[in-house]
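[1] what follows is a predicted protein model with its sequence.
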Amino acid sequence: DCTQAFVADDLCHLSTVRHVILILSGKGGVGKSTVATQLTLGLKAAGKKVGILDIDLCGPSIPKMFNLSNQDIHQCSEGWLPVYVDKEQTLGVMSISFLLEDQNDAVVWRGPKKTAMIKQFLNDVYWKDLDYLIIDTPPGTSDEHITVMENLKQYNPDGAILVTTPQAVSVGDVRRELTFCKKTHIPVIGIIENMSGFVCPNCSECTNIFSKGGGEALAKQSGVPFLGCIPIDPQITQTTDDNQTFAQRCLNSSSMSSIQKIVDKF
Ligand code: ADP
């Protein structure tokens, strides 16, 4: 039974994780999971040991990005083992979807079961020694977020990064996320504006398809750091037949230079 608890409540594996960062967005489709993946890759490229925890119970997409959709969770006496992307075990992935028999199954759970599962993900994954744990959350401010915030507090997480697109609607939703962070006493590390302009691969001219600057303006108004912009990058969405995973496409894409600048600020 995968839902069996492995460790006592007072023994949590997160105590061996040096930095915990939550990735939040006001709405779906703004690139939150993509940014979470890119930040994880950027930290790994900077020589850090990284884990990515996907607690988007209704739409877990991180395993697909690393091409790990058919993996099972393995257990050891210390708990659940993350699925490692590399032999050196410097990038571990854990997702609710590893527990599903069919990866396309919907998780139809009521609140208490979701809460119990999230607590278990936070407590029972044996990350070993990690520099950074990136937590990809569902969009909005749901029960899942409250559970995560409440359970993370004791480990003094670094805080939350809010992802928005430049448009006013998305920015408005992020404003609500900022209030949520304030109410739940989670520090805001900063705002990232994703899909911010399109740089033509041929002439390098930047076109602001969805306008630009909404995220930066909100950061200024709210007094939180602006971490940077990531352009719309056709390289990461391209479906090619070279068998690259989404994560490899991200890593090889030109938008990684924007990510690297953000990671340097951590
Ligand atoms: P969310 O987690 O917010 O729902 P996703 O990360 O799943 O959003 O991204 C939604 C879609 O947008 C995906 O198809 C993803 O590949 C694409 N996308 C995200 N960021 C970018 C970007 N900077 N450039 C191009 N496509 C992007």
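    Received, thanks.
[2] for the rest of this, base every contact and every neighbour count on C-alpha atoms.
    Noted.
[3] count the residues that sit near Gly223.
    Per other C-alpha atoms under 10 Å, the neighbour tally for Gly223 reads 10.
[4] sorry, slip of the keys, the one I care about is Pro201.
    Using other C-alpha under 10 Å, Pro201 has 12 neighbouring residues.
[5] so which strand or helix has it?
    Pro201 belongs to no helix or strand when assigned by DSSP states H and E.
[6] how near is it to the ligand?
    Going from Pro201 to the ligand by C-alpha to the nearest ligand atom, to the nearest Å gives 13 Å.
[7] same deal with Val35?
    Separation of Val35 from the ligand (C-alpha to the nearest ligand atom) stands at 6 Å.
[8] so what's the nearest residue to Asp72 once chain neighbours are set aside up against?
    Distance criterion C-alpha to C-alpha, 6 or more residues apart in numbering; nearest residue to Asp72, sequence neighbours excluded, is Phe98 at 5.2 Å. Neighbouring residues of Phe98 by C-alpha atoms under 8 Å, 6 or more residues apart in numbering: Ser69, Asn70, Gln71, Asp72, Ile73.
[9] next: Thr16.
    Contacts of Thr16 by C-alpha under 8 Å, 6+ apart are Trp127, Lys128, Asp129, Leu130.
[10] backbone dihedrals for Asn151, please?
    Per-residue torsions, Asn151: phi -80, psi -20 (degrees, to the nearest 10).
[11] any stretches of the stretch 151-266 of the chain with poor pLDDT?
    168-169, 204, 210, 239-242 (pLDDT under 70).
[12] strands of that one, start to end?
    In the stretch 151-266 of the chain, the strands defined using DSSP state E, counting those that start in this stretch lie at 159-164, 188-199, 206-207, 226-232.
[13] wait, which of these is closest to Val148?
    Set against Val148 and scored by C-alpha to C-alpha, the strands of the stretch 151-266 of the chain come closest in strand 159-164, at 11.5 Å.
[14] how far away from the center of its chain is that closest one?
    9 Å (C-alpha atoms, centre = their mean, to the nearest Å).
[15] ok so the residue nearest to Asp72 is a helix residue?
    Yes - counting by DSSP: H, G, I helix; E, B strand; the rest coil, Phe98 is located in a helix.
[16] now do the same contact list for the residue lying farthest from the centre of the chain.
    Within the chain, the residue lying farthest from the chain centre (C-alpha atoms, centre = their mean) is Cys203, at 32.2 Å. By C-alpha under 8 Å, 6+ apart, no residues touch Cys203.
[17] next: His13.
    Leu122, Asn123, Asp124, Val125, Tyr126, Trp127, Lys128.
[18] what does Ser33 give?
    Ser33 touches Ser61, Ile62, Asp136, counting by C-alpha under 8 Å, 6+ apart.
[19] near the ligand, which residues of the stretch 1-150 of the chain?
    Residues of the stretch 1-150 of the chain lying near the ligand by C-alpha under 6 Å from any ligand atom: Gly28, Gly29, Val30, Gly31, Lys32, Ser33, Thr34.
[20] and these, which of them are buried?
    Using 16 or more other C-alpha atoms under 10 Å as the burial test, these include Val30, Gly31, Lys32, Ser33, Thr34 as buried.
[21] can you put those residues in JSON lines and add pLDDT, secondary structure and distance to Phe180?
    Converted to JSON lines, these look like this (pLDDT from 0 to 100; DSSP: H, G, I helix; E, B strand; the rest coil; distance: C-alpha to C-alpha, whole Å):
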{"residue": "Val30", "pLDDT": "91", "secondary structure": "coil", "distance to Phe180": "18"}
{"residue": "Gly31", "pLDDT": "92", "secondary structure": "coil", "distance to Phe180": "20"}
{"residue": "Lys32", "pLDDT": "94", "secondary structure": "helix", "distance to Phe180": "17"}
{"residue": "Ser33", "pLDDT": "93", "secondary structure": "helix", "distance to Phe180": "20"}
{"residue": "Thr34", "pLDDT": "94", "secondary structure": "helix", "distance to Phe180": "22"}
